[in-house]
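Visitor: After the sequence you'll find the predicted model.
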Amino acid sequence: MSISEYFGIELDYIVIGLAALVFLLMILTIINIVQMKKLKKRYIVFMDGKNAKSLEEILSKRLDQIDSLIESNSRNQRNIEKIFKTMQFTYQKMGIIKYDAFHEMGGKLSFSIAMLNEKNDGFIINAMHSREGCYTYIKEIIDGNSIIALADEEKEALEMAKGSADV
């Protein structure tokens, strides 16, 4: 009993199939050889002029730099948080109005200045200039309001300071 009788396929077809398989394997082998040559060239370029010890030194140096950057970033983060905590208590908003307190004086030498922090706490200074001298008053502002009644100019300066946060 021959192979062709056993499988029911002609021997010519088996030979042609095996030849096609060999041809396909040869093509795959050539493709693999070309890819290996490209990879070897890239490896040579990567390792050009370097030995394992110098490559290890470079990697160690880069890792030390990364550690230094992480530490520096952490320090910067702490400083930023400290600045934001401090900023809550600094006067960040300001409004100033110049006016003529006594109409006969002229020149708008009097002024009201409002200075507020982030929570709208702060003060208003009102300086009134007259022929006899300059009188200065200060009024405390808590949460954007004053316990003491405010003059029109002081109210205007306060509103200007509250609105300066939008800028």
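Guide: It's in. Numbers count the residues shown, from 1 in each chain.
Visitor: From now on I want contacts and neighbour counts done on CA atoms only, so please keep to that.
Guide: OK.
Visitor: Quick one: the helices in the protein, in order.
Guide: 3-7, 11-47, 52-87, 152-163 (DSSP state H).
Visitor: Quick check: which of those helices is nearest to residue 127?
Guide: Among those, the nearest to residue 127 by C-alpha to C-alpha is helix 152-163 (10.4 Å).
Visitor: Of the helices of the chain, flag the one that's most buried.
Guide: helix 152-163 (a mean of 20; mean count of other C-alpha atoms under 10 Å).
Visitor: And for that helix, what's in contact with it?
Guide: With C-alpha atoms under 8 Å, 6 or more residues apart in numbering as the test, helix 152-163 has contacts from 93-97, 99, 111-116, 120, 124, 126, 144.
Visitor: Break the protein down into its domains, please.
Guide: 1-48, 54-87, 93-166 (automatic domain parsing).
Visitor: okay, those domains in JSON lines with mean pLDDT next?
Guide: Listed next are the domains of the chain as JSON lines, based on pLDDT from 0 to 100:
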{"stretch": "domain 1-48", "mean pLDDT": "86"}
{"stretch": "domain 54-87", "mean pLDDT": "91"}
{"stretch": "domain 93-166", "mean pLDDT": "88"}
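Visitor: Tell me how many other residues crowd residue 142.
Guide: The number of residues packed near residue 142 is 15, by other C-alpha atoms under 10 Å.
Visitor: Residue 121 and residue 21, how far apart?
Guide: 87 Å (C-alpha to C-alpha, to the nearest Å).
Visitor: Could you measure from residue 81 over to residue 75?
Guide: 10 Å.
Visitor: typo on my end, it should be residue 59
Guide: 24 Å.
Visitor: ditto for residue 114
Guide: In terms of C-alpha to C-alpha, residue 114 sits 35 Å off from residue 75.
Visitor: Not counting sequence-adjacent ones, nearest residue to residue 128?
Guide: residue 110 (4.6 Å; C-alpha to C-alpha, 6 or more residues apart in numbering).
Visitor: Could you pull up the residues touching that neighbour?
Guide: Here residue 110 is in contact with 98-101, 126-129 (criterion: C-alpha under 8 Å, 6+ apart).
Visitor: before we move on, what about residue 142?
Guide: Per C-alpha under 8 Å, 6+ apart, neighbours of residue 142: 120-122.
Visitor: just curious, which of those is nearest to residue 134?
Guide: Closest to residue 134, out of all of these and judged by C-alpha to C-alpha, is residue 122, at 22.4 Å.
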